[in-house]
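Trainee: output the structure for:
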Amino acid sequence: MIKTINKLEELLTITKEYISKSSDTELNHKANSEKWSKKEIMGHLIDSGINNLQRFTAVQIEKEPYRIMPMKQVELVKVNDYQNSEIEELLSFLMSINIRIKNIMGLQNPQTLTTRIELYTKGNMSDLRYLMEDYVAHFEQHVNQIIKPVNS
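Mentor: I've put the predicted structure just below:
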């Protein structure tokens, strides 16, 4: 889990540095109405953090296997109106939720990491370790979208 925690820490540092140097124009830019702006991608990462923090803790206290339900990501970005949110608020929330997630990851042991989960559909089994590693991989995918130049 140390490698996963370190990767999340690295991604948070990259994100914070990038956002701190970016203009509002760049962060608000939408290639088209169907694409998320960088602010909306940050909002999606916040939603993902909220959902996954709840999952990471519930997995350990609910009956096994804990069933992971998909989140309604497009709807959440829209109803949270991330496009019109203050970047400082988004960055602060993103950092805070992920510091909590890193702390939860650090509390795990071999037994808790093998807690069984069911991913989205009946019979699709995995464990808490996979869920945590997948969260960081998902986070990295979106950080790469955030730091990509607007004209790309």
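
Trainee: that's a strand at Ile117, yeah?
Mentor: Yes - assessed with DSSP: H, G, I helix; E, B strand; the rest coil, Ile117 lies in a strand.

Trainee: and it, how many neighbours?
Mentor: By other C-beta atoms under 10 Å, 22 other residues sit near Ile117. All C-beta atoms are positioned from the backbone trio N, CA, C, and that covers glycine.

Trainee: tell me what it is bridged to.
Mentor: On the basis of DSSP bridges, Ile117 is bridged to Tyr66, Ser126.

Trainee: need the helices for the chain, in chain order.
Mentor: Remark: helices assigned in the chain by DSSP state H are 2-21, 24-28, 38-61, 73-79, 87-106, 110-113, 128-147.

Trainee: and the third one, which residues are buried?
Mentor: If I follow you right, that is helix 38-61. Of all the residues in helix 38-61, those buried under the rule 16 or more other C-beta atoms under 10 Å are 38-49, 51-53, 55-56, 59-60.

Trainee: tilt between it and helix 128-147?
Mentor: Computed by axes from the mean of the first three to the mean of the last three C-alpha atoms, to 10 degrees, the angle separating helix 38-61 from helix 128-147 equals 170 degrees.

Trainee: show me how far helix 38-61 is from its chain's centre.
Mentor: Centroid displacement of helix 38-61 relative to its chain, using C-alpha atoms, centre = their mean, to the nearest Å, is 5 Å.
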